[in-house]
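Colleague: below is the sequence, then the predicted model.
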Amino acid sequence: MSVVNHGGGAPAGSAGPGGQDRWKTPFAGDAEAPVGENERMITGGWRIVRPVVDTKACTNCLICWIYCPDACIVRFEEYVDVNYKYCKGCGICTRVCPVLCITDVPELDFAD
Amino acid sequence: MSGGDRGVAWAFPRELFEEKGLRQVTVWTRGVVLIKEARDVVTALAGAAAREGKQSQAWENYVDLPDRINVPVKAYARISDRPIESRYIYENEAPDIVVVVEESLVKGNPILDGLRPGGTLVVNTRRRPEEIARFLTPGSGLGLLAVVDAAGIATTEKTLSGQEGASDASGIGGGWAAPLSGAVVRACGLVGLPSLEAVVKAPEAARIGYERTILLELA
Ligand code: SF4
Ligand code: SF4
């Protein structure tokens, strides 16, 4: 990971015990976002309805990906899909999709 | 143990919650949006029991609170013909009756954990009981499954009135809780229908819920 010094932090030349980088202020735009799943907070059971993406109709505009409060939209080359392990069924993606290719389906319509 | 030497008039039953005549109800619902309905089911059943001279208690699972939208949460009632002596445990670990306010809770939630053998499950759904049964853990000892389309009989009441022990200005049993409680009465006769009708805001919905309940006996 490259951390760029944008002027904050300790004065030049004052490398701390953890080495030079320790004293540099990271800039959010440069820092990689953590990618992970919390096995102790699986929220898929909160769903009353399941958002189902019609992947053929999806234009991959990524608006749902931006809006999903739980980062549950998974990106593929030409479409998106949903991580149902964590999706809470809040319905936001369904509302914001400009081509209406997401449908909320009652959870009990699915066996899994 | 007797509390006699400190002047306490009660004694622990030898086996907690093995008291004769005690029946425990656990209601599962979804946080914030449907919590009022669960609270109303236990309050209505406990209130109806009290009218019949029974002993009753109703409360919410405090660990679940403060709740968040859609999170599975629980409310409880205990009803008995005699003074309820089991105490200091604030969750129903071995319910006789489980009520599900929103159908999808039957999936992936331990709703039948600790259920007493031959216990009853009441679900608010438009689906047939056979369809609901497919989602239930086998070997739970469930004796009777009852379904009622409470959502088709009444609309939900969404209010924060009555949250976390505050007094409820919106009244008890004006929404889904009335037909759902009616279904509980039909399934296991916990209280009489007239007593339930006397305590809920929508007595007609309670009666229609009672009448439209579909029962499925399980082995
Ligand atoms: S329903 Fe809500 S949580 Fe699920 S993918 Fe859509 S926006 Fe995300
Ligand atoms: S908003 Fe709709 S079209 Fe855009 S990426 Fe999401 S599902 Fe696809």
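Modeller: Cool, got the structure. Ligands and ions are numbered 1, 2, ... in the order given.
Colleague: now the strands for the chain?
Modeller: Let's take chain A. Secondary structure of chain A (DSSP state E): strands located at A:49-53, A:73-75, A:80-82, A:102-106.
Colleague: think we crossed wires, I meant chain B
Modeller: With DSSP E as the criterion, chain B has strands spanning B:23-30, B:55-60, B:72-80, B:97-100, B:119-124, B:142-148, B:214-217.
Colleague: which parts of chain A sit against chain B?
Modeller: Contact residues, chain A versus chain B (C-beta under 8 Å from any C-beta of the partner chain): A:44-48, A:88-90, A:106-108, A:111. Where you see a C-beta, it was placed from the backbone N, CA and C, and this is true even at glycine.
Colleague: identify the residue nearest the geometric centre of chain A.
Modeller: For chain A, the residue sitting closest to the mean C-alpha position, by C-alpha atoms, centre = their mean, is A:Ala71 at 2.7 Å.
Colleague: let me know the pLDDT of that one.
Modeller: Note for A:Ala71: predicted pLDDT of 93.
Colleague: who's in contact with it?
Modeller: A:Tyr86 (C-beta atoms under 8 Å, 6 or more residues apart in numbering or on different chains).
Colleague: how near is it to A:Lys85?
Modeller: 12 Å (C-beta to C-beta, to the nearest Å).
Colleague: can you flag the buried ones in the residues of chain A next to chain B?
Modeller: A:44-48, A:88-90, A:106-108 (16 or more other C-beta atoms under 10 Å in any protein chain shown).
Colleague: ok so, going back, mean neighbour count and distance to B:Ser167 added to the strands of chain B, as a markdown table?
Modeller: Compiled in a markdown table, the strands of chain B are given as follows (neighbours: other C-beta atoms under 10 Å in any protein chain shown; distance: least, C-beta to C-beta, whole Å):
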| stretch | mean neighbour count | distance to B:Ser167 |
| --- | --- | --- |
| strand B:23-30 | 26 | 20 |
| strand B:55-60 | 20 | 14 |
| strand B:72-80 | 23 | 16 |
| strand B:97-100 | 27 | 23 |
| strand B:119-124 | 27 | 26 |
| strand B:142-148 | 22 | 28 |
| strand B:214-217 | 14 | 36 |
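Colleague: could I get those strands in CSV, plus columns for mean pLDDT and distance to ligand 2?
Modeller: Listed next are those as CSV, based on pLDDT from 0 to 100; distance: least, C-beta to the nearest ligand atom, whole Å:
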stretch, mean pLDDT, distance to ligand 2
strand B:23-30, 97, 25
strand B:55-60, 95, 38
strand B:72-80, 97, 28
strand B:97-100, 98, 31
strand B:119-124, 98, 31
strand B:142-148, 98, 34
strand B:214-217, 97, 38
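Colleague: for those, which one sits closest to B:Glu157?
Modeller: Relative to B:Glu157, the nearest member of the strands of chain B by C-beta to C-beta is strand B:23-30, separated by 12.4 Å.
Colleague: the closest one packs against which elements?
Modeller: Helices and strands touching strand B:23-30, by 3 or more C-beta pairs under 8 Å, 6 or more residues apart in numbering or on different chains; DSSP states H and E, are helix B:35-51, strand B:72-80, strand B:97-100.
Colleague: hey, C-alpha coordinates of that strand in CSV?
Modeller: The C-alpha atoms that make up strand B:23-30 are tabulated as CSV, following Å, rounded to 0.1, in the frame of the first residue of the first chain:
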residue,chain,number,x,y,z
ARG,B,23,-48.0,-21.7,29.8
GLN,B,24,-45.4,-19.6,28.1
VAL,B,25,-45.8,-17.7,24.8
THR,B,26,-42.9,-16.4,22.7
VAL,B,27,-43.7,-14.0,19.9
TRP,B,28,-41.2,-13.4,17.1
THR,B,29,-41.3,-10.2,15.1
ARG,B,30,-39.2,-7.7,13.2
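Colleague: can you count the residues close to A:Pro98?
Modeller: Other residues near A:Pro98 come to 9 when the count uses other C-beta atoms under 10 Å in any protein chain shown.
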